[in-house]
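Trainee: Predicted structure and sequence below. I'll ask about it afterward.
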Amino acid sequence: TGAGDWAAVVSADSAAAASAAAAHSVEVAAVQGGNACLKCGTGNARGAKFCASCGAALLSMRGGAMNTVGKLLLMVAAVFGGGALLVGGCVYSGYNRAITLDQGVKAAWAQVENQLQRRFDLIPNLVSTVKGVAGQEEKIFLGIADSRKAYFAAGSSAEKMHAANGLESALSRLLVLHETYPDLKSNQSFLDLQSQLEGAENRLSVERKKYNETVQALNTLCRKFPGRYYCNLAGVEPAQFFEIEDAARAVPKVDFTGGDRDRD
């Protein structure tokens, strides 16, 4: 019976030890590649409180805390990354818009120049026709010649606009000569040139309007925020409107079909 009692006690102790070991296995179980002990470097099971090798206390929430911090960092990185993409997209779009409007102004001005050139091409024949009847009006002819010279010598669109307005004023004075020289009213060459010139003026007016509308869009972008930043980035500057100067606007237009005209 003594041996039996001893065996029972040993069995009970073994069972208790096994139970205790099972209850604390997570706290001390060592695993390869698990949470490393900061003291000895041994890998331990997730959630273990003590190192299975050296017995040092482990941070039981270390894994969870690291996961939380990692997620927070990812969220912050995502927010900043999204913001950077948004800002970059806005800058890219604004930059391209500034370039597009600038190119639009240049294209519109090219169309204006086409019509100005068409008008200039008609001037020599018109002057020759009028000279045959009113050769003594040298001052008017000289004004037209000077305006043509200034236009083709101009180095900028602003200078060309000024020269074109000067031509318009001189040309109007030339056309009004039909009131002083009635023979021009019956001159078929003069009437044909007048008709062609009138068509050129109408086309020029249309292209001038389109040009000014494009300039307005560009200048609005250049003066507003953040458009001003985009234009500076793209090297785009405000453009000049093509407006008829007061001197040219004051000259009366002439009806070549006959009849009296009121003078300003």
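Mentor: Cool, got the structure.

Trainee: Okay, helices next: where are they in the stretch 51-200 of the chain?
Mentor: 62-134, 138-153, 157-175, 188-223 (DSSP state H, counting those that start in this stretch).

Trainee: Out of those helices, which one sits most buried?
Mentor: Counting by mean count of other C-beta atoms under 10 Å, helix 157-175 has the highest mean neighbour count of the helices of the stretch 51-200 of the chain, with a mean of 20. C-beta here means a position set from N, CA and C on the backbone, and glycine is covered the same way.

Trainee: so what's the backbone phi/psi at S156?
Mentor: phi -140, psi 160 (degrees, to the nearest 10).

Trainee: and it, how many residues sit next to it?
Mentor: 9 (other C-beta atoms under 10 Å).

Trainee: Read off the pLDDT value for it.
Mentor: With respect to pLDDT, S156 scores 90.

Trainee: Pull up the gap between it and R118, please.
Mentor: Distance, S156 to R118, by C-beta to C-beta, to the nearest Å: 21 Å.

Trainee: quick one, which of the helices of the stretch 51-200 of the chain is nearest to Q240?
Mentor: helix 157-175 (5.1 Å; C-beta to C-beta).

Trainee: Between helix 62-134 and that closest one, find me the angle.
Mentor: Computed by axes from the mean of the first three to the mean of the last three C-alpha atoms, to 10 degrees, the angle separating helix 157-175 from helix 62-134 equals 30 degrees.

Trainee: Considering helices and strands only, name the one in this structure with the lowest mean pLDDT.
Mentor: helix 25-28 (a mean of 44; mean pLDDT, DSSP states H and E).

Trainee: The helices of the stretch 51-200 of the chain into CSV, with extra columns for distance to P182?
Mentor: What follows is the helices of the stretch 51-200 of the chain, written out as CSV (distance: least, C-beta to C-beta, whole Å):
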stretch, distance to P182
helix 62-134, 9
helix 138-153, 17
helix 157-175, 14
helix 188-223, 12
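
Trainee: Identify whichever of these lies nearest to L38.
Mentor: Between these, helix 62-134 lies closest to L38; by C-beta to C-beta that is 9.2 Å.

Trainee: Which pLDDT value belongs to E198?
Mentor: Reported pLDDT for E198: 86.

Trainee: Contacts for stretch 199-219, please.
Mentor: 98, 101-102, 104-105, 108-109, 111-112, 114-116, 118-119, 122, 236, 238-243 (C-beta atoms under 8 Å, 6 or more residues apart in numbering).

Trainee: Wait, A154 touches K160, no?
Mentor: Yes. Between A154 and K160 there is a contact at 4.3 Å, judged by C-beta atoms under 8 Å.

Trainee: ok, E137 - how many residues close by?
Mentor: Neighbours of E137 (other C-beta under 10 Å): 18.

Trainee: how near is it to E113?
Mentor: Taking C-beta to C-beta, one finds E137 at 29 Å from E113.

Trainee: ditto for R119
Mentor: 11 Å.

Trainee: chain center to stretch 107-114: distance?
Mentor: 22 Å (C-alpha atoms, centre = their mean, to the nearest Å).

Trainee: Point out where the protein drops to low pLDDT.
Mentor: 1-35, 59-67, 245-264 (pLDDT under 70).

Trainee: again, 50 this time
Mentor: Filtered on pLDDT under 50, the chain yields the residue ranges 1-3, 6-7, 9-10, 14, 17-18, 20-33, 61-63, 249-264.

Trainee: Can you pull up the most central residue in this structure?
Mentor: R97 (2.3 Å; C-alpha atoms, centre = their mean).

Trainee: From what I see, it and L221 are in contact.
Mentor: Yes. Between R97 and L221 there is a contact at 6.7 Å, judged by C-beta under 8 Å.
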